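Colleague: starting from these lines, generate the structure:
(chains A and B)
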2 protein chains.
Amino acid sequence: MNSVAIVGTGLIGASFGLALRKAGFGGAIVGVSSRNAIADAVACGAIDRGASLAEAAGEADLIFLSQTIGRILDSVRHIDAFVRPAALVTDAGSTKCLIVDTARQALTRCQFLGGHPLAGKEKRGAAAADADLFRGRPWVLTPDEPAELETAAAWDFRGWLERIGARSVVLDADAHDRAVAVTSHLPQLASTALAALLEGAPAAQLAGPGLIDMTRLALSSYDLWRDILATNSDHIDRALARYIQELEHLRENLRTRELQREFERAAAAAQAIRAR
Amino acid sequence: MNSVAIVGTGLIGASFGLALRKAGFGGAIVGVSSRNAIADAVACGAIDRGASLAEAAGEADLIFLSQTIGRILDSVRHIDAFVRPAALVTDAGSTKCLIVDTARQALTRCQFLGGHPLAGKEKRGAAAADADLFRGRPWVLTPDEPAELETAAAWDFRGWLERIGARSVVLDADAHDRAVAVTSHLPQLASTALAALLEGAPAAQLAGPGLIDMTRLALSSYDLWRDILATNSDHIDRALARYIQELEHLRENLRTRELQREFERAAAAAQAIRAR
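Modeller: Residues are numbered from 1 along each chain as shown, chains lettered A, B, ... in the order given. Here you go, the predicted structure:
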């Protein structure tokens, strides 16, 4: 690929531009974003210049939609008229079913391949961008059919994912959304619910490091979560139901040996995700 | 005070000995523990020597019970015959009602003042002891009556708490147990329940830093928790019920604006415990 359009030059988009440059990509990188975000992304070297969506999409071999979910859906609905037929459109949305379904309907003139890089940091914006943000982290790809990974454009993109150090994981969109409901969306709501209980409680003066860990996600802005929760609510509903059931089970067994079994199961699972 | 007995020379007991020495305490510090634990505590300078409970209690002005809750209860039941009448017996148990009630019955010859230093680290044992472990951390005292804080022995002890940098917090035993049910015991069970859901899940390969934070407490050993859960089960039951209710509320509002309000309340509470 010779030309990349990054639509949305926040933390993820700008980091992708920096990562491509660090990995040796010598083609054009054009950004589509607000005036301020473009200035920040140019300043840090993530993109060469800004452009309109129509102009950027008309030139690019790879169009990377690294916006919020709602804006990715908008871009997918409007981009078809501008794209080159050999181009690949991909995205960084945190939920996949609705985006993939929308792209299947709206994008008729070039290939779409859903993606989700599981990377981030507490700071937002191009000023916090990092060429190594994706190194060693999973980058989920959600083709409808395995053949979608084998097109020339997909091979080219996957080669660059490998060069920037991301670990490709192929899942169907529904399996992705079910998995992140448990690994990401449920932890967020578990933290939010815990912190909400502390509101105005004198108990808060006894906060220790465990409570600090368990309420860190609760600091997250709702702006980042609205679209995620709205576009994955069925899987999140089921994950919450399972979590509540597990909590009820612990509650019924506070004085029994069953609790020891639950602690041991939980510790083993917590160890397992650290061993990767 | 001229002589201290530390009963249980693990992380908390040995750190208390080191903290006293660093703060300038020049009297005797005798430890009561297993042979190996005594050797470790002597080696790190936390105690001068080991002794039997009878011998150590017979000499000490301050007797600090820094054992597991079950063993603190045993010590409290057996120590009365040995203590000097001017001595103060205090403890480091993570729950207070049962210990304070037991001491009220069993300790008739000297004063008892319940305590709970909210300090710790992931490593256990005297080898991990730290003279600054209590610095800036709350140390809860749970007198039955305010006058118990005004005895000569209590003043002396409270002066040393100040010198080692601990922040004294006075609560009645039930208020303490209700507070730590929310700030400590509920976060533990919330983490254990979350990690238990990951067991065998393919989802685990998508673990990010949020899930790592939220499952750190789940690594805790049940050995440390059995006594805590058994001796505070009523307050923990109520805390779990409130938590489940809050989770159900989030679950019912995944697509409504009410969720924004809950995120904002939770973020404010999470900020508040960090601002202390």
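Colleague: let me see the ranges of the strands in the stretch 51-200 of chain A.
Modeller: A:62-65, A:88-91, A:111-117, A:138-142, A:167-170 (DSSP state E, counting those that start in this stretch).
Colleague: B:Asp177: which of these is closest?
Modeller: Ranking those by distance to B:Asp177, with Cβ to Cβ as the measure, places strand A:138-142 first at 42.2 Å. All C-beta atoms are positioned from the backbone trio N, CA, C, and that covers glycine.
Colleague: now A:Arg242, what's its secondary structure?
Modeller: The assignment at A:Arg242 comes out as helix when based on DSSP: H, G, I helix; E, B strand; the rest coil.
Colleague: who are the contact partners of it?
Modeller: Residues in contact with A:Arg242 (Cβ atoms under 8 Å, 6 or more residues apart in numbering or on different chains) are B:Leu197.
Colleague: kindly state the pLDDT recorded for it?
Modeller: A:Arg242 carries a pLDDT value of 97.
Colleague: got phi/psi on A:Ser15?
Modeller: Backbone torsions for A:Ser15, taken as degrees, to the nearest 10, come to phi -70, psi -40.
Colleague: go on, the one 5 residues further on?
Modeller: Note on A:Leu20: its backbone torsions stand at phi -60, psi -50 [degrees, to the nearest 10].
Colleague: cool, A:Arg137 as well?
Modeller: A:Arg137 has phi and psi values of phi -100, psi 150 when expressed as degrees, to the nearest 10.
Colleague: so who does the residue nearest to it when sequence neighbours are not counted touch?
Modeller: Nearest residue to A:Arg137, sequence neighbours excluded (Cβ to Cβ, 6 or more residues apart in numbering or on different chains): A:Ala119, at 4.3 Å. For A:Ala119, the contacting residues are A:12, A:15, A:133-134, A:137, A:139, A:166, B:208, taking Cβ under 8 Å, 6+ apart as the criterion.
Colleague: circling back: can I get the strands of the stretch 51-200 of chain A in TSV with mean pLDDT and distance to chain B?
Modeller: Written out in TSV, the entries for those read as follows (pLDDT from 0 to 100; distance: least, Cβ to the nearest Cβ, whole Å):
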stretch	mean pLDDT	distance to chain B
strand A:62-65	98	20
strand A:88-91	98	17
strand A:111-117	98	9
strand A:138-142	97	6
strand A:167-170	95	7
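Colleague: in TSV: those strands, plus mean neighbour count.
Modeller: Conversion of the strands of the stretch 51-200 of chain A to TSV gives the following (neighbours: other Cβ atoms under 10 Å in any protein chain shown):
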stretch	mean neighbour count
strand A:62-65	26
strand A:88-91	26
strand A:111-117	24
strand A:138-142	22
strand A:167-170	16
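Colleague: and of those, who's closest to B:Leu161?
Modeller: strand A:138-142 (47.9 Å).
Colleague: returning to that earlier point: and the residue nearest to A:Arg137, backbone torsions?
Modeller: Torsion angles at A:Ala119 (phi, psi; degrees, to the nearest 10) stand at phi -150, psi 160.
Colleague: quick check: pLDDT value at it.
Modeller: At A:Ala119 the predicted local confidence, pLDDT, stands at 89.
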